[in-house]
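> below are the sequence and a predicted model for it; my questions follow.
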Amino acid sequence: MAFSDRRDAPDIPDFALLKRLARDQLIYLLEQLPGKKDLFIEPDLMSPLDRIANVSILKQHEVDKLYKLENKPVYSNSDQLCFLIRPRIKHVRYIAGIINADKAAKRSRKYKIIFSPQKLYTCDMVLEEEGIFGDVICDEWYFYLLPLDDDIISMELPEFYRDYFLEGDQRWINTVAKALHVLNSLFGPFAKTYGMGRCAKMVHEMWKELEEESEGDRKEKRPAVGHIFLFDRDVDYVTPLCSQVVYEGLVDDIFRIKCGSVEFGPEVTSSDKSIKVLLNSQDKVFNEIRNEHFSNVFGFLSQKARNLQIQYDKRRGMDIKQMKTFVSQELKGLKQEHRLLSLHIGACESIMKKKTKQDFQDLLKTEHSLLEGFDIRESISFIEEHINRQVSPIESLRLLCLLSITENGLISKDYRSLKTQYLQSYGPEHLLTLSNLKRVGLLTEQVTGETLTAVESKMSKLVTDKAAGKLSDAFSSLARKSNFRGLSKKLNLIPHVDGEYDLKIPRDMAYIFSGAYIPLSCKIIEQVLDRKAWTGLEEVARLLNGNEFADPLSEGSPTADSQRLILAVFLGGCTFSEISALRFLGKSKGYRFIFLVTAITNSARLLEAMVETRLNVS
């Protein structure tokens with residue numbers, strides 16, 4: 001039986017080890033500054049740090065007071081200050097201000113900066129410029145990998161997307177390569193790597209170099225994970241731009257899941273308090289509904305509530321001995337389940353209030369029309385109305401970008417008209433945002449001559465490699481074309497269903513978008529794994545601007561189980577919808593997917609990274 005036909009997916013390695021390693025290294029770095037100290041933590045690192053080492057652990061290692069690193073004066077009586085920051089210039093300048101203020105006041109203290117996950121050369125330059133290079137001890141906390149769940153590891157680098165895809169800044173490439181190197185040494189060696197995208201290629205090359213350098217350190221092991229798939233976010237923009245309708249995706253869109261937990265406000269808790277909930281497979285209620293289409297969730301929760309009531313009712317006919325057993329063994333679990341159940345029911349009610357209104361149905365209908373390429377003029381009218389009613393600047397951008405990518409760019413007349421309406425409605429300060437979207441290929445104008453891409457490919461064959469390189473540079477603006485229609489046809493991304501799509505018993509990954517669309521990213525991964533190569537997908541690769549590769553990494557022969565374990569690496573972010581789709585694929589084909597993401601993303605995060613107004617200049 002071929003491994004792809006098996007239904008019993010193998011077990012996932014225990015990634016809790018990654019947390020322990022990160023915690024031990026942090027403790028070691030703190031202890032290198034002996035005695036009591038105050039710790040200043042950058043806001044972006046607070047949630048990840050909480051998952052690794054809580055306050056009591058920090059206190060055990062002589063951290064006296066904890067502060068959030070904010071742009072305001074420091075009032076600390078400690079003789080030792082420790083700063084835990086990302087390698088950002090603004091933070092280093094702020095710390096330099098504190099040290100120089102102490103110098104002016106003739107106050108003597110010890111200072112330590114811990115950069116996570118690494119220190120960048122620019123940080124040293126700032127320390128030198130500010131004249132404090134010799135006054136601080138610098139260290140690096142190699143915190144690359146945070147397990148958010150059994151099968152999701154996040155690098156918690158939301159800035160990766162903007163830095164690489166907009167600014168062309170390659171600073172994090174090395175960080176991802178090091179993270180893969182760590183995973184490979186702990187859980188590898190991995191058998192085969194597939195990839196798609198320029199960034200994926202660079203990460204792969206750098207990772208290979210790291211592996212070659214440490215070749216002598218490694219004993220021959222049999223691969224624990226069979227395949228790795230490296231995927232650039234800009235290969236598939238359509239998927240993150242679509243409205244999420246699986247439960248976990250919806251919760252993320254509406255309540256914003258941060259570092260694996262979510263804060264439910266009074267509208268969910270039915271009290272005046274907000275509650276922070278960790279969303280992972282340990283939450284038994286959530287684990288059963290996270291990948292479900294939202295239309296199925298309420299029915300499931302109602303059934304769960306009835307079952308819970310039946311279990312509570314068992315108490316009625318019990319004698320004292322049975323009651324004692326019930327209280328000691330079952331009651332605590334039932335109460336916990338009851339608490340989680342009421343929270344998820346509250347969350348569902350809140351989602352339904354926001355999402356089942358008529359305008360949400362119209363929104364989904366418009367999205368589906370754009371995906372299928374029908375009623376485009378009608379869809380443009382809907383988007384114009386959305387903009388003119390000033391529904392939401394980010395939502396309007398999302399629809400504009402979805403229109404642009406599915407149509408392979410907007411015709412000049414529409415581009416100018418929609419851009420003008422957007423700026424009139426939301427303000428001229430968004431001009432730079434629109435320019436950013438154009439640069440990354442999210443919102444583009446069709447240029448006369450774009451049809452010459454076929455000619456371009458013929459010409460490249462006629463000239464030498466060197467000249468071909470120059471030629472492709474000249475056409476670099478065309479390389480951002482999405483070619484969505486061609487890809488959709490080649491890969492059958494729009495399922496043709498007789499009658500209504502059954503969301504209760506889904507037949508393919510399209511269920512995550514109500515049966516309207518199979519996510520391009522997931523379909524490519526499925527096809528490559530089925531073929532065990534890019535063979536037969538040459539036309540698809542060409543439409544994706546041809547940055548595909550495949551490389552056997554390990555010499556050892558992989559076990560049948562490891563062959564069915566796949567590490568899917570998303571560079572620039574991955575949505576919960578894609579995670580649900582690949583979990584579904586895994587179940588139906590006997591694979592088990594593990595996700596390594598630079599960050600969890602959704603349409604709002606993707607577009608907010610492009611926003612450049614006076615309110616948001618970082």
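Great, that's in hand.

> show me the contacts for Glu526.
By C-beta atoms under 8 Å, 6 or more residues apart in numbering, the contact set of Glu526 is 509, 585, 589. C-beta here means a position set from N, CA and C on the backbone, and glycine is covered the same way.

> which ones among those residues map onto helices?
Secondary structure defined by DSSP state H assigns 585, 589 of the contacts of Glu526 to helices.

> least confident pick among the contacts of Glu526?
Among those, Lys589 has the lowest pLDDT, at 90.

> what is the burial count for it?
By the measure other C-beta atoms under 10 Å, the count of residues near Lys589 is 18.

> which of the contacts of Glu526 lies closest to Phe133?
Leu585 (51.8 Å; C-beta to C-beta).

> nearest spatial neighbour of Leu30, skipping sequence neighbours?
His61 (4.8 Å; C-beta to C-beta, 6 or more residues apart in numbering).

> wait, isn't the one you found in contact with Leu29?
No: counting by C-beta atoms under 8 Å, His61 sits too far from Leu29 to count as a contact (9.7 Å).

> so between the two, which is more surrounded?
Neighbour count, other C-beta under 10 Å: between His61 and Leu29, Leu29 has more, with 20 against 16.

> how about the more buried one, nearest residue that isn't a chain neighbour?
Closest to Leu29 by C-beta to C-beta, 6+ apart is Asp139, at 5.1 Å.

> element containing the one you found?
Using DSSP states H and E, the element containing Asp139 is strand 136-140.

> ok, now Ile98?
When elements are assigned from DSSP H and E, Ile98 belongs to helix 89-104.

> so where's this structure uncertain?
1-9, 216-223, 311-334, 356-358, 448-481, 553-562, 613-618 (pLDDT under 70).

> show me the strands in it, by range?
Assigned by DSSP state E, the chain shows strands spanning 37-41, 63-68, 80-85, 110-115, 136-140, 146-149, 152-154, 192-196, 227-232, 261-264, 275-278, 548-552, 565-571, 592-597.

> with mean neighbour count and distance to Ile505 added, can I get these in a markdown table?
Shown next, in a markdown table, are the strands of the chain (neighbours: other C-beta atoms under 10 Å; distance: least, C-beta to C-beta, whole Å):
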| stretch | mean neighbour count | distance to Ile505 |
| --- | --- | --- |
| strand 37-41 | 21 | 47 |
| strand 63-68 | 14 | 48 |
| strand 80-85 | 22 | 48 |
| strand 110-115 | 20 | 50 |
| strand 136-140 | 16 | 50 |
| strand 146-149 | 21 | 25 |
| strand 152-154 | 22 | 26 |
| strand 192-196 | 24 | 30 |
| strand 227-232 | 24 | 27 |
| strand 261-264 | 18 | 29 |
| strand 275-278 | 15 | 29 |
| strand 548-552 | 15 | 34 |
| strand 565-571 | 25 | 25 |
| strand 592-597 | 23 | 21 |
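
> out of those, the one nearest Ser482 is which?
Nearest to Ser482 among the strands of the chain is strand 227-232; the distance by C-beta to C-beta comes to 13.1 Å.

> sheet partners, orientation included, of the closest one?
Within its sheet, and counting by DSSP bridges, strand 227-232 is paired with strand 192-196 (parallel), strand 565-571 (parallel).

> surely Leu565 touches Gly226?
Yes: in this structure Leu565 lies within contact range of Gly226 using C-beta under 8 Å: 5.5 Å.

> and the gap between the residue lying closest to Gln446 once chain neighbours are set aside and Asp44?
Leaving out its chain neighbours, the residue that sits closest to Gln446 by C-beta to C-beta, 6+ apart is Gly409, at 4.0 Å. According to C-beta to C-beta, to the nearest Å, Gly409 stands 35 Å off from Asp44.

> between these two, who's got more neighbours?
Gly409 (22 against 19).

> could you measure from that one over to Leu443?
9 Å.

> same check, this time on Arg88
Distance, Arg88 to Leu443, by C-beta to C-beta: 28 Å.

> quick one: which of the two has more around it?
Using other C-beta under 10 Å as the criterion, Arg88 and Leu443 rank with Leu443 on top: 27 against 18.

> neighbours of the residue nearest to the more buried one when sequence neighbours are not counted, how many?
In space, Leu443 comes closest to Leu437 once its chain neighbours are excluded; the distance is 3.9 Å by C-beta to C-beta, 6+ apart. For Leu437, the neighbour count with other C-beta under 10 Å is 22.

> do I have it right that Leu437 meets Val611?
No: if you go by C-beta under 8 Å, Leu437 and Val611 don't touch, sitting 9.6 Å apart.

> neighbours of the closest residue to Arg439 other than its chain neighbours, how many?
Distance criterion C-beta to C-beta, 6+ apart; nearest residue to Arg439, sequence neighbours excluded, is Leu166 at 6.2 Å. Neighbourhood size, Leu166 [other C-beta under 10 Å]: 16.

> please apply the same query to Asp150.
Residues within reach of Asp150, counting by other C-beta under 10 Å, total 16.

> what's the closest residue to Lys178 other than its chain neighbours sitting at in phi/psi?
Closest residue in space to Lys178, ignoring its immediate chain neighbours: Tyr144 at 6.1 Å, by C-beta to C-beta, 6+ apart. The phi/psi pair for Tyr144 (degrees, to the nearest 10) reads phi -100, psi -30.

> list the contacts of Tyr144.
So Tyr144 contacts 117, 155, 175, 178-179, 182 (C-beta under 8 Å, 6+ apart).

> list the contacts for the nearest residue to Glu349 once chain neighbours are set aside?
Of all residues not flanking Glu349 in the chain, Val268 sits nearest, at 7.8 Å (C-beta to C-beta, 6+ apart). Val268 makes contacts with 255, 275, 343, 346-347, 349-350, as judged by C-beta under 8 Å, 6+ apart.
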